[in-house]
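**Student:** Here's my sequence, what's the structure:
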Amino acid sequence: MRHEAELWLRQAKSDLKNAEKNIGVGAYDVAAFLCQQAVEKLLKATYIVAKEDEPPRTHTIVDLGRELAVPKQVDSHLRMLTPDYLAARYPDAANAVPAELYDEEMARERLRRAREVFQWAQTRLPTGSA
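**Tutor:** Predicted coordinates:
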């Protein structure tokens, strides 16, 4: 695997692990954001491997998924996670205080969806990397 892809993938895995840790301490907004970030970085690693090119400079994981021709179920996960890039961090984007908006169930649902995107990526990345 290209070095750049490996770096993106390692950070994606770290973000996913930290999302789970934040659920454990009740930081559900942070967990939601980290799930989005983990998937974004995972898709960028996958893009590098699949396209043999640098990934687009975007935070819109739906667009990255489209570039990678993700299946319908994965696309559904990306659509659910996309708003958390802003809503989990900014009161003006969420129209609420993110720390008060997210709950454990919401965070766990995002973690579940992020993990499913990771499972899909395993089919696109070299064996044992995702």
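**Student:** packing partners for the longest helix anywhere in the chain?
**Tutor:** Longest helix in the chain by number of residues, with DSSP state H as the criterion: helix 28-51. On a contact count with 3 or more CB pairs under 8 Å, 6 or more residues apart in numbering; DSSP states H and E, helix 28-51 meets helix 3-24, helix 61-67, helix 72-81, helix 84-87, helix 98-101, helix 104-122. Where C-beta positions appear, they are placed from N, C-alpha and C, glycine not excepted.
**Student:** hmm, 6 Å instead?
**Tutor:** In terms of contact count using 3 or more CB pairs under 6 Å, 6 or more residues apart in numbering; DSSP states H and E, helix 28-51 is assigned the packing partners helix 3-24, helix 61-67, helix 72-81, helix 84-87, helix 104-122.
**Student:** Now the shortest one: average pLDDT?
**Tutor:** Helix 84-87 carries an average pLDDT of 95.
**Student:** swap in the last one?
**Tutor:** Mean pLDDT, computed over helix 104-122, is 97.
**Student:** Output it as CSV, restricted to C-alpha atoms.
**Tutor:** Included here for helix 104-122 are C-alpha records, laid out as CSV according to Å, rounded to 0.1, in the frame of the first residue of the first chain:
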residue,chain,number,x,y,z
GLU,A,104,-25.5,7.8,23.7
GLU,A,105,-27.9,6.1,21.3
MET,A,106,-27.0,8.6,18.6
ALA,A,107,-23.3,8.2,19.1
ARG,A,108,-23.5,4.4,19.2
GLU,A,109,-25.5,4.5,15.9
ARG,A,110,-22.8,6.5,14.3
LEU,A,111,-20.1,4.2,15.6
ARG,A,112,-22.0,1.2,14.2
ARG,A,113,-22.3,2.8,10.8
ALA,A,114,-18.7,3.9,10.7
ARG,A,115,-17.7,0.3,11.5
GLU,A,116,-19.8,-1.0,8.6
VAL,A,117,-18.0,1.4,6.3
PHE,A,118,-14.7,0.0,7.6
GLN,A,119,-16.0,-3.5,6.8
TRP,A,120,-16.8,-2.4,3.2
ALA,A,121,-13.3,-0.8,2.9
GLN,A,122,-11.7,-4.1,3.8
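**Student:** Which of the residues in that helix are classified as buried?
**Tutor:** Counting neighbours by 16 or more other CB atoms under 10 Å, one finds that the buried residues in helix 104-122 are 106-108, 110-111, 113-115, 117-118, 120-121.
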